[in-house]
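[1] model the structure of this input:
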Amino acid sequence: MLSHYDGQRRNNFTIMRLAFALLVLVGHSYPISGNGYDPLSSLMQNMWIGEAAVLGFFTISGFLITASFQNRPIGDFIAARILRLYPGFIVCLIVVAMILGPIDNTMSLREYYSNPHVYWFVWENARIWDLYYNIPNHAPDNPFPGATNGSTWTLPAELLCYVTVPVAGFFGALDSRLRANAGLLLLAAVGWFAYESVPVFGAYERFDRPAAAFLVGAAFWINRDRIPLNPILAAGALALIFGTNGTWLWWPGYIVGSSYLVFFLAYWVPAFDMDRYGDFSYGIYIYAWPIQQLVWWKGQSGLVNALCALPIVTALAVASWFLVEKPALRLKGALAAAVAARPLRAQRLAR
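    From the prediction side, this is the model:
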């Protein structure tokens, strides 16, 4: 059962997140270089490899964030989420605006650094909500103009998912398995038939699939002691994904089947201890797009774009982890004490 691995630190989540971040980089390299979609996406109907990777991120997040909320005081939970999401991204905004932005720009350096919109790009995006995507006159000849860092559209969706879990817990939706499953089924039904009616999420059309992946990840945590992990069911998950391809059942088949495969690979497959090296997935995700724009030249293939960007993105991601993200996470205890007026722990689901 999935619950047998509850609390076990030896898993493949870190290496899987790294793989997902690299797949997003590869997936974006083709439209950024003006070459349509990557070859792998031709195998997937109604899906491309970058989106599949993003949904994998959200599935893992739904599982781990729900677990974190149930197993931590509320102050610890809020501190962990803030420190994981904000410091690395804020530094990335500064690097992109102050260093990368002027490199491929039609403005002179003096014009650039005196333009208030450059600083507005950092200030507005630092909230991670209504993102201001483009630095003025940045990469004007790129085949995919109009977004200095297009990957970041998922960050508001992730933040909103983070907020939803404690809100649900505050109203008692996570106090029992029955109540939690009823709430999840209700949200799934409303999202399927009338997504625009879902509170807050419904106002953002692009959030529908990431939110669904997060929801399914949360459902796997809630029902973890009733979900077996074995190769037979993993094969069935693959059959569900490809067997429903082209039918109206494809989306539920994909999201359930792919989520099962995520946890099968995370726990059943022998673990690779990526944590001893570091968690570079977030840095790769937030730096890839602007670097891929920077290394583009006319006539470049998608594969060459990815290969040219990868060393620079990796270096920035490693620096982000060791200089920003990891040190920030060490402040969790102090921030938790400041955030929590009193420890409020969600009840563990009844088994």
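[2] going forward, measure contacts between C-alpha atoms and count neighbours the same way
    OK.
[3] shaky segments in this protein?
    Applying pLDDT under 70 to the chain flags the ranges 7, 42-45, 145-146, 336, 339-351.
[4] center of it - which residue?
    Against the mean C-alpha coordinate of the chain, by C-alpha atoms, centre = their mean, the closest residue is residue 57 at 4.6 Å.
[5] once you drop chain neighbours, what's closest to it?
    Spatially, and ignoring its direct neighbours in sequence, residue 57 is nearest to residue 17 (6.4 Å; C-alpha to C-alpha, 6 or more residues apart in numbering).
[6] and that neighbour, how many neighbours?
    For residue 17, the number of neighbouring residues by other C-alpha atoms under 10 Å comes to 21.
[7] enumerate every residue touching it.
    Residues near residue 17 by C-alpha atoms under 8 Å, 6 or more residues apart in numbering: 56, 57, 281.
[8] surely the second one and residue 20 touch.
    Meaning residue 57. Yes: under the criterion of C-alpha atoms under 8 Å, residue 57 lies in contact with residue 20, with a separation of 7.0 Å.
[9] quick check: neighbours shared by the two?
    Taking C-alpha under 8 Å, 6+ apart as the contact rule, residue 57 and residue 20 have no neighbour in common.
[10] check the offset of the host helix or strand of residue 194 from the chain's centre.
    Secondary structure from DSSP states H and E places residue 194 in helix 177-194. The chain centre lies 22 Å from the centre of helix 177-194; the measure is C-alpha atoms, centre = their mean, to the nearest Å.
[11] that one: which residues count as buried?
    Of the residues in helix 177-194, those scored as buried under the neighbour-count criterion (16 or more other C-alpha atoms under 10 Å) are 177, 180, 181, 184, 187, 188, 191.
[12] okay, the residues you listed in TSV with distance to residue 252 next?
    As requested, the buried residues of helix 177-194 are exported to TSV (distance: C-alpha to C-alpha, whole Å):
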residue	distance to residue 252
177	22
180	19
181	17
184	14
187	14
188	10
191	12
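[13] from the residues you listed, which single one is nearest residue 50?
    Within the buried residues of helix 177-194, distances to residue 50 taken as C-alpha to C-alpha reach their minimum at residue 191, with 22.3 Å.
[14] can you tell me the closest non-neighbouring residue to the closest one?
    Distances taken as C-alpha to C-alpha, 6+ apart put residue 198 closest to residue 191, at 6.4 Å, once the chain neighbours are dropped.
[15] give the contact list for the one you found.
    Counting by C-alpha under 8 Å, 6+ apart, residue 198 has contacts 187, 190, 191.
[16] ok so, going back, ok now the helix or strand following the helix holding residue 194, how far from the chain's centre?
    Per DSSP H and E, the first helix or strand lying C-terminal to helix 177-194 is helix 208-222. Taking C-alpha atoms, centre = their mean, the mean C-alpha location of helix 208-222 is offset from the chain mean by 12 Å.
[17] got the CA coordinates for helix 208-222 in CSV?
    Taking C-alpha atoms only, helix 208-222 is exported to CSV below (Å, rounded to 0.1, in the frame of the first residue of the first chain):
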residue,chain,number,x,y,z
ASP,A,208,-7.9,23.9,-14.7
ARG,A,209,-5.5,21.0,-15.5
PRO,A,210,-2.8,21.9,-12.9
ALA,A,211,-5.5,22.2,-10.2
ALA,A,212,-7.0,18.9,-11.2
ALA,A,213,-3.5,17.2,-11.0
PHE,A,214,-3.1,18.8,-7.5
LEU,A,215,-6.5,17.5,-6.5
VAL,A,216,-5.7,14.0,-7.6
GLY,A,217,-2.3,14.1,-5.8
ALA,A,218,-4.2,15.1,-2.6
ALA,A,219,-6.7,12.3,-3.1
PHE,A,220,-3.8,9.8,-3.3
TRP,A,221,-2.5,11.1,0.1
ILE,A,222,-6.0,10.9,1.7
